[in-house]
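Engineer: based on what follows, work out the 3D shape:
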Amino acid sequence: GITLAQGDQSIKSAIASGACFSPTSLGVAANALSGGKALNTPVGQLIVASAVIDDMIGLIILSMLEVLVLDDPPLVSYFIPIISA
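Structural biologist: Residues are numbered from 1 along each chain as shown. Next up, the predicted model:
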């Protein structure tokens, strides 16, 4: 969406835009659940757990941006951020 609005059609730009906005789900979910007094319910804990997993995946993708901007990176470069996480 954002990259298309800017006129850029590359997949690298789309991944970079998505990775920049992804690690915010835990803060938003925790704030919304605590406001509705549902944070300590089983459903609230499930939402928080899934938000943590989502944030971890987002941070791994964000750390892989350095590899994605290279023209022809070696295959092992893609696995270094995953292993180090």
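
Engineer: residue contacts, the residue nearest in space to the middle of the chain?
Structural biologist: In the chain, the C-alpha nearest the mean C-alpha coordinate belongs to residue 58, at 2.0 Å (CA atoms, centre = their mean). Applying CB atoms under 8 Å, 6 or more residues apart in numbering, one finds that residue 58 lies in contact with 19, 22-23, 25. Where you see a C-beta, it was placed from the backbone N, CA and C, and this is true even at glycine.

Engineer: shaky segments in this structure?
Structural biologist: Under the criterion of pLDDT under 70, the regions of the chain flagged as low confidence span 1-6, 8, 85.

Engineer: what about 90?
Structural biologist: Residues of the chain meeting the criterion pLDDT under 90: 1-32, 34-39, 51-85.

Engineer: in it, which residue sits furthest out from the middle?
Structural biologist: Distance from the C-alpha centroid of the chain, by CA atoms, centre = their mean, peaks at residue 37 (26.2 Å).

Engineer: next one: it from residue 49, what distance?
Structural biologist: When distance is defined by CB to CB, to the nearest Å, residue 37 is 19 Å away from residue 49.

Engineer: what of residue 43?
Structural biologist: Applying CB to CB, the value for residue 43 to residue 49 is 11 Å.

Engineer: and what of residue 66?
Structural biologist: In this structure, residue 66 and residue 49 are 29 Å apart, going by CB to CB.
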